[in-house]
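Novice: Pasting the sequence and the predicted model now:
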Amino acid sequence: MKKCIFLTLILLCSALSGCISKEEEDVDPFPSFILVDEANNTQESSMYVGEPFVAYFSATWCTHCKPALGALDDTVPSGQVLIFNKDPNEEDMQEWKDNMESELERTLYHPFINGPELAQSLEVTGIPTMFFVDSDGNIKHTMVGIKNQSTVELYWNDLS
């Protein structure tokens with residue numbers, strides 16, 4: 001009887017070992033960058049250390065990306081969203097910002113940055129792509145495609 005109980009305890013412990021010990025998570029840091037936004041202001045990755053932010057990648061011609069940008073603007077505070085263009089053929093960020101403000105019928109207080117090299121380094125293929133970056137500068141979540149407002153809120157709230 002004691003052997004049976006002992007064997008059962010050993011089996012239970014080995015089966016639960018992954019449940020009670022913490023596994024290491026892979027941490028991908030958001031790459032460093034120094035780029036210029038639509039207002040000719042320098043945007044550097046070091047400016048965002050200590051605060052979570054969302055890096056939103058799209059393209060000036062992406063008409064189906066508008067709802068994702070609207071959801072971000074409704075959820076994430078000003079100064080914590082960076083809007084990057086991934087298309088190397090488009091460079092007029094002010095025109096893009098003006099178009100998005102007109103289509104969303106609101107003023108956007110987020111920098112619009114031409115960043116095709118940054119997009120390439122992050123292997124951004126689908127748009128829109130959102131990287132949710134924690135206050136340590138690590139990518140915590142990545143979303144590709146149009147997502148609903150509640151998903152954006154869930155990922156953003158997880159950073160806070």
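Specialist: Structure received. Everything numeric in this text was worked out from a predicted model, so none of it was measured.
Novice: now the end-to-end length of stretch 82-101.
Specialist: With CA to CA, to the nearest Å applied, stretch 82-101 spans 15 Å between its terminal residues.
Novice: Pull out the buried positions in that stretch.
Specialist: Using 16 or more other CB atoms under 10 Å as the test for burial, stretch 82-101 gives Leu82, Ile83, Phe84, Asn85, Lys86, Asp87, Met93, Trp96, Lys97, Met100. C-beta coordinates here come from the backbone N, C-alpha and C atoms, glycine included.
Novice: Count the neighbours of the nearest residue to Asn85 once chain neighbours are set aside for me.
Specialist: Spatial nearest neighbour of Asn85, excluding adjacent residues (CB to CB, 6 or more residues apart in numbering): Asn114 at 4.9 Å. The tally of other residues near Asn114 (other CB atoms under 10 Å) stands at 22.
Novice: one step back: specify which member of the buried residues of stretch 82-101 is nearest to Ile139.
Specialist: Of all these, Leu82 has the smallest distance to Ile139: 13.1 Å, by CB to CB.
Novice: ok so that closest one is a strand residue?
Specialist: Yes: under DSSP: H, G, I helix; E, B strand; the rest coil, Leu82 sits within a strand.
Novice: How about the contacts made by the closest residue to it other than its chain neighbours?
Specialist: Distances taken as CB to CB, 6+ apart place Ala55 nearest to Leu82, at 5.0 Å, with adjacent residues excluded. Taking CB atoms under 8 Å, 6 or more residues apart in numbering, we find Ala55 in contact with Phe30, Leu82, Phe84, Met130, Phe131, Val133.
Novice: One more: Gly126?
Specialist: Applying CB under 8 Å, 6+ apart to Gly126 gives the contacts Val144, Gly145.
Novice: just to confirm, which helix or strand has it in it?
Specialist: Assigned by DSSP states H and E, Gly126 falls within no helix or strand.
Novice: Quick check: the gap between it and Val133.
Specialist: Note on Gly126: its distance to Val133, by CB to CB, to the nearest Å, is 18 Å.
Novice: Next, the buried residues of stretch 111-127.
Specialist: Buried-residue list, stretch 111-127, by 16+ other CB under 10 Å: Pro111, Phe112, Ile113, Asn114, Gly115, Pro116, Leu118, Ala119, Leu122, Val124, Ile127.
Novice: ditto for stretch 128-136
Specialist: Buried residues in stretch 128-136, defined by neighbour count with 16+ other CB under 10 Å: Pro128, Thr129, Met130, Phe131, Phe132, Val133, Asp134.
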